[in-house]
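[1] Give me the fold of what follows.
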Amino acid sequence: MLPNKVGKQLGRPTYSLTGWLVTKFFKWHNQILEENAVKLSNIQPNDTVLELGHGPGFGLQAASQLLTGPEGKLIGVDYSQYMHEMASKRMKEQISRGKVMLYYSDLVTMPIEENTADKVFHCNCYYFWPDLRAGAKAIHKVMKP
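    Have a look, this model is predicted:
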C-alpha cells in the first residue's frame, strides 16, 4: 500500500504527508539532476526554455539565472497543483517581471503556442506520461525548428 502511495505521489504530488516527503526527496535527489540538465541544455541568454514537470522549481531556478537577455523567457509546465504552487512561490519575482510563465497543465494539453521553445528539458517525468508518443508529439509541436 505504501509503495503505491509513494509511486502516485512521485508522479503527481499532492498536499499530504506523502506529498511533503516526496518534495523532500526531490530536493535531495532531483536538484542535482535538474541543475545538470540545465547545464547540458546549453541555454543562451535570449532563449525561450521550457521545463516539463518542473516540480518545486529547482530546474527553473537554475535555468532562469542563464536567461539574462531581454528576450530570455522560461516556461514551466506541471500537472501537480501542489508542485505548480510551490514553483510559483519560488519563482515569484521572475514571474512578476514577465521572465517566467508557469502552467498547471498536462503535457499534451499545455497552453503553449507552436514553435515557441528553443530548448526543452525535464527530469524523471516521462515515466508518468500516459502516452509517450502523444507527449513527444506535444514537445515537437512547441519546439522551434
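[2] Spell out the secondary structure type for the most centrally placed residue in the chain.
    Residue closest to the average C-alpha location in the chain (C-alpha atoms, centre = their mean): His54, at 2.1 Å. Following DSSP: H, G, I helix; E, B strand; the rest coil, we place His54 in the coil state.
[3] Show the contacting residues for it.
    With contacts defined as C-beta atoms under 8 Å, 6 or more residues apart in numbering, the neighbours of His54 are Leu60, Gly76, Val77, Asp78, Met83, Ala87, Leu102. (C-beta placed from N, C-alpha, C; glycine too.)
[4] out of those residues, who's nearest Pro45?
    Within these, distances to Pro45 taken as C-beta to C-beta reach their minimum at Leu60, with 16.3 Å.
[5] element containing the closest one, please.
    Secondary structure assignment for Leu60, by DSSP states H and E: helix 58-64.
[6] Let's see the helix or strand just after that helix as CSV, backbone CA atoms only.
    Using DSSP H and E, the helix or strand that directly follows helix 58-64 along the chain is strand 73-78. Taking only C-alpha atoms (Å, rounded to 0.1, in the frame of the first residue of the first chain), the coordinates of strand 73-78 have been written out as CSV:
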residue,chain,number,x,y,z
LYS,A,73,12.0,33.6,-21.2
LEU,A,74,11.3,30.5,-19.1
ILE,A,75,8.2,28.4,-19.3
GLY,A,76,7.3,25.6,-16.9
VAL,A,77,4.5,23.0,-17.0
ASP,A,78,3.5,20.7,-14.3
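[7] Against which helices or strands is strand 73-78 packed?
    Strand 73-78 sits against strand 48-52, helix 58-64, helix 81-90, strand 100-104, with contacts defined as 3 or more C-beta pairs under 8 Å, 6 or more residues apart in numbering; DSSP states H and E.
[8] mind checking how far Gln31 is from Asp47?
    From Gln31 over to Asp47 the distance is 22 Å, taken as C-beta to C-beta, to the nearest Å.
[9] List the contacts of Ser41.
    Contact analysis of Ser41 by C-beta under 8 Å, 6+ apart lists Val49, Ala63, Lys119, Phe121.
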